[in-house]
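**Q** need a 3D model of the sequence below.
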Amino acid sequence: MDMKKKGLLLIVMILLLTHLKAQNNLISGYVITKKQDTIRGFLMDEIDLKLSKNVNFYHDVSGKVPIIYTSLEISEFGFSNGRTFKIIQQNNDSVSVFSKRIVTGKINMFVEREKRSGNFNVHLLRSDTAFSVKLSNPKKKLFNKDGRKYTHTDKKYIGLLSLITDSKIKSEQLNSVKYREKDLKKYIISYNSIFENDFPSNFYVEATKITYDIALGLSFNKKPGETSFQIGAYMNKALMEKSLHLSYRMGISYHYWNSNNKSSIKRNAHEEYKLQCLSIMPLGFIYHGKKKEIVPYGYAGIGLGLLMSSDFVIRNFEKKGISNKLSVLPVINCGVGLKIRHKSNFILVEITPPLKNGVFFNLGYSF
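**A** Next comes the predicted model:
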């Protein structure tokens, strides 16, 4: 094993044996009891789905002894950043869960998460009256007619939107509203703007976290006489309130391969000796394990690659020149590795597929 490989492995071993203090996820906030008493302290920051069931409350920032509050003990809780949850129980609701406040104004909008991915209910409450409605995911029904199968989507939520807004919005605009949180939020904000003077409106902006990764890799198990390396830079966008594990990922990477092997020269041939690839990944996903001292992760994404290949041109057993060829091709970017906590950032250790031969061993930094 050469000195470069020994050095890389030594760095990894030192990092793995280093003990670094983990961060907690406490944010100052409050809870409101059933008796309408407000208790201030610190709340554990979790995803919306988990907070719909209960919240961990701490009297001090040390976070040693939590009090787990459910809908049986409290009616509302909120974080200092404006993220608020409240029990909104309609007449036909048998179970009380916490719903997240999205919009305030003449109509207040709350979202109730369900276990099934992507499903949610919406509670709309009028500020000037006690009237409220609950919107649910449209259900699709299959039916047969004249020997053919058809699908009908039940859009009861459109009628309920019209009912609670007193049909103040044009029917064309109302019918175009899809059952998506983003669309429903936009619709309610538009309605509330009409009554801004009497009912000041506001809306909650979901927290996101942007991180950046840079990594440099060398190829292991490559053939003698070959030189191969890569460098990459990526941006990750995490929707922290929806998932602590999955993030969007985009980036760019450069791969280089060169061979100095002196192969037997043929009479007439093109002999490949250098490859370069610039890969652009506009869309990908990265999945993290639980945030501990060492976090496993894996990512994958699709994109385009600009491949430059250089060949020696051989005629009558002699090298007559170099032929360069530029190609555009679809590429898949992927890799697996470990993130090792370093203060508030991470050291990256990962393995990625090669451009030509061997396997890339990468070291990097996430900040």
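
**Q** quick one: strands adjacent to the lengthiest strand in the chain?
**A** The longest strand of the chain (DSSP state E) is strand 318-342. With DSSP bridges as the test, strand 318-342 is paired with strand 294-315 (antiparallel), strand 345-352 (antiparallel).

**Q** elements contacting the helix or strand harbouring Thr227?
**A** Using DSSP states H and E, Thr227 falls within strand 226-238. Applying 3 or more C-beta pairs under 8 Å, 6 or more residues apart in numbering; DSSP states H and E, one finds that strand 226-238 contacts strand 209-220, strand 246-259, strand 359-366. Heads up, the C-betas are built off the backbone N, CA and C, glycines and all.

**Q** what's the average pLDDT for it?
**A** On average, the pLDDT along strand 226-238 is 94.

**Q** buried sites along that strand?
**A** Neighbour-count burial for strand 226-238, counted by 16 or more other C-beta atoms under 10 Å, picks out 228-230, 232, 234, 236, 238.

**Q** okay, that strand in CSV with CA atoms only?
**A** C-alpha atoms of strand 226-238 as CSV (Å, rounded to 0.1, in the frame of the first residue of the first chain):
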residue,chain,number,x,y,z
GLU,A,226,-3.4,4.7,-14.4
THR,A,227,-4.2,8.0,-12.8
SER,A,228,-7.7,8.6,-11.7
PHE,A,229,-9.4,11.2,-9.4
GLN,A,230,-12.7,13.1,-9.0
ILE,A,231,-13.9,16.2,-7.3
GLY,A,232,-17.5,17.1,-6.5
ALA,A,233,-19.6,19.9,-5.0
TYR,A,234,-23.2,19.5,-3.9
MET,A,235,-26.1,21.4,-2.4
ASN,A,236,-28.6,19.7,-0.1
LYS,A,237,-32.0,21.1,0.8
ALA,A,238,-33.8,19.5,3.7
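
**Q** just to revisit the earlier point, from the buried residues of strand 226-238, pick the one nearest Asn108.
**A** Comparing those against Asn108 with C-beta to C-beta places Ala238 closest, at 27.6 Å.

**Q** give me the nearest residue to that closest one, chain neighbours excluded.
**A** In this structure, Ala238 finds its nearest non-sequential neighbour in Ser247, 4.1 Å apart by C-beta to C-beta, 6 or more residues apart in numbering.

**Q** show the pLDDT at that neighbour.
**A** For Ser247, the predicted pLDDT is 96.

**Q** okay, now it: neighbour count?
**A** For Ser247, the neighbour count with other C-beta atoms under 10 Å is 23.

**Q** can you check Lys291 too?
**A** Lys291: 14 surrounding residues under other C-beta under 10 Å.

**Q** contacting residues for Phe57?
**A** Listed by C-beta atoms under 8 Å, 6 or more residues apart in numbering, the contact set of Phe57 reads 31, 39, 41-43, 66-69, 77.

**Q** surely Ser190 forms part of a helix?
**A** Yes: counting by DSSP: H, G, I helix; E, B strand; the rest coil, Ser190 is found in a helix.

**Q** now do it, the pLDDT please.
**A** 92.

**Q** ditto for Asp48
**A** Note for Asp48: predicted pLDDT of 95.

**Q** repeat for Gly29
**A** The per-residue pLDDT reported for Gly29 equals 97.

**Q** that one is in contact with Gly82, isn't it?
**A** No: the pair Gly29 / Gly82 is not scored as a contact, 10.2 Å apart, by C-beta atoms under 8 Å.

**Q** the two: which is more packed in?
**A** Using other C-beta under 10 Å as the criterion, Gly29 and Gly82 rank with Gly29 on top: 22 against 12.

**Q** so which strand or helix has the more buried one?
**A** Assessed by DSSP H and E, Gly29 sits inside strand 26-33.

**Q** I'd like the next helix or strand past that strand.
**A** For strand 26-33, the following helix or strand on the C-terminal side (DSSP H and E) is strand 38-44.

**Q** pull up the pairing partners for that following strand, direction included.
**A** Paired strands of strand 38-44, with direction, are strand 26-33 (antiparallel), strand 54-58 (antiparallel) (DSSP bridges).
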